[in-house]
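S.K.: only the shape, not the letters, is given here:
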């Protein structure tokens, strides 16, 4: 009898040791007041979703799911029900995570520090996107939109700098309001991408997410280097702007400056009457006088209504380079808090311009 007990104890210990070595992570979900509800478990595969399973909650709204997670290769897993995201999780090998959620998408998570960080960044971005959408629905809110964008951008930068070895940095770096408005959309952001990916490679060198981020970082670094070569060492004294023009194609400030003696970078709003009058009364006469001598204008319209911008440019027959910035993110690089604002690029230098007289004085000198 004693030998049987010893044998049982040994077998039990072996089972515990085996369980401790298993790569599986476990998620225990309680979906409040939702018995018999279908819950879809999705795995993020870089640019697409893979549905791992669809389970039903028990009579008390509970559900459990386990998946294999390799050492050093955490996985982004998302729970959905009825098209609503219930929870966002970053699971490591052996994690035991408890989630309490409701059918509207509010949830708490315990047992995973990275999943808590992911929830924090997801919530911050959702609040930011909601604020931008609300401002976009109102006219004359360009300044507020620019300020909101700058604030969120700086919060994201602070997050990745303070959590350099968390994979949560990956979805943060890929945040985007829409197809054309990434939070990290400036050429110089390549430097931040490199800093993050180099930190993550020391912890997760085999992670597919880190390898994908490495490729994106290399792409951004290549684009940044190309602009540097096009512009020359002196002309990189000003920040690059790459925004869509009237034909929908991106217009590079660096390329325009490389072929001009002087370029006026002018931030304005087509929704403001004074700005439209400035185009006709000041900029047009100046452009007509100096354009043949190598002068160009790169006009950045900070606007929530693209149609209004296009209509103003067409009706006023503005002959210079006109680009459209829906959120005002280009203003971040130039430290512009409000429009109008103007800068002159000449002789490899960037100078802020104060009014018509200051501009004419600079152009006459050149």
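M.R.: Perfect, I can see it now. Since this is a predicted model, take the numbers as computed values, not measurements.
S.K.: shouldn't residue 56 be in contact with residue 40?
M.R.: No - assessed by Cβ atoms under 8 Å, residue 56 is found out of contact with residue 40, at 10.9 Å. Just so you know, the C-beta spots here come from the backbone N, C-alpha and C atoms, and that holds for glycine as well.
S.K.: which stretches of the stretch 201-350 of the chain have low pLDDT?
M.R.: 226-237 (pLDDT under 70).
S.K.: for it, what spans make up the strands?
M.R.: Ranges of strands in the stretch 201-350 of the chain, per DSSP state E, counting those that start in this stretch, are 242-244, 250-252, 262-268, 295-302, 321-325, 341-346, 349-353.
S.K.: tally of neighbours for the closest residue to residue 300 other than its chain neighbours?
M.R.: Closest residue in space to residue 300, ignoring its immediate chain neighbours: residue 267 at 4.9 Å, by Cβ to Cβ, 6 or more residues apart in numbering. For residue 267, the count of nearby residues is 25 (other Cβ atoms under 10 Å).
S.K.: over to residue 242?
M.R.: Residues near residue 242, counting by other Cβ under 10 Å, number 17.
S.K.: residue 364 too?
M.R.: Other residues lying near residue 364 total 9 when counted by other Cβ under 10 Å.
S.K.: residue 248 now?
M.R.: By other Cβ under 10 Å, neighbour count at residue 248 equals 7.
S.K.: one more: residue 330?
M.R.: Number of residues near residue 330 (other Cβ under 10 Å) recorded here: 24.
S.K.: redo the strands of the stretch 201-350 of the chain as CSV? Include distance to residue 26.
M.R.: CSV is the format used below for those (distance: least, Cβ to Cβ, whole Å):
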stretch, distance to residue 26
strand 242-244, 46
strand 250-252, 47
strand 262-268, 53
strand 295-302, 49
strand 321-325, 46
strand 341-346, 55
strand 349-353, 56
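S.K.: wait, which of those strands is closest to residue 313?
M.R.: strand 321-325 (4.9 Å; Cβ to Cβ).
S.K.: if we can go back for a sec, residue 137: which of the strands of the stretch 201-350 of the chain is closest?
M.R.: strand 295-302 (16.5 Å).
S.K.: domain map for the chain?
M.R.: As assigned by automatic domain parsing, the chain contains the domains 20-111, 121-235, 242-365.
S.K.: tell me who's in contact with residue 54.
M.R.: By Cβ atoms under 8 Å, 6 or more residues apart in numbering, the contact list for residue 54 reads 38-41.
S.K.: ok, now which ones touch residue 44?
M.R.: Residues near residue 44 by Cβ under 8 Å, 6+ apart: 50, 75-78.
S.K.: before we move on, back to that, higher neighbour count, residue 56 and residue 40?
M.R.: Per other Cβ under 10 Å, whichever of residue 56 and residue 40 has more neighbours is residue 40, with 18 against 10.
S.K.: and the more buried one, how far from residue 209?
M.R.: Residue 40 sits 21 Å away from residue 209, going by Cβ to Cβ, to the nearest Å.
S.K.: okay, and for the stretch 1-150 of the chain, where does confidence drop off?
M.R.: For the stretch 1-150 of the chain, applying pLDDT under 70 flags the ranges 1-22.
S.K.: redo that, cut-off 90
M.R.: Along the stretch 1-150 of the chain, segments meeting pLDDT under 90 span 1-24, 33, 45-49, 105, 136-146.
S.K.: spell out the residue ranges of the helices in it.
M.R.: Secondary structure of the stretch 1-150 of the chain (DSSP state H, counting those that start in this stretch): helices located at 2-21, 113-136, 142-162.
S.K.: run the chain-centre distance for stretch 109-122.
M.R.: With Cα atoms, centre = their mean, to the nearest Å as the basis, stretch 109-122 stands 19 Å off its chain's centre.
S.K.: give the buried residues for that stretch.
M.R.: Within stretch 109-122, the residues that count as buried by 16 or more other Cβ atoms under 10 Å are 109, 111-112, 114-119, 121-122.
S.K.: tabulate the residues you listed in TSV, adding columns for distance to residue 274.
M.R.: Below are these laid out as TSV (distance: Cβ to Cβ, whole Å):
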residue	distance to residue 274
109	51
111	57
112	53
114	50
115	50
116	48
117	45
118	45
119	45
121	40
122	41
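S.K.: among those, which one sits closest to residue 224?
M.R.: Nearest to residue 224 among the buried residues of stretch 109-122 is residue 121, at 25.3 Å by Cβ to Cβ.
S.K.: go ahead and confirm that closest one touches residue 171.
M.R.: Yes - contact criterion Cβ under 8 Å: residue 121 and residue 171 qualify, at 7.0 Å.
S.K.: one step back: closest to residue 365 out of the strands of the stretch 201-350 of the chain?
M.R.: Ranking the strands of the stretch 201-350 of the chain by proximity to residue 365 (Cβ to Cβ) places strand 341-346 first, at 9.1 Å.
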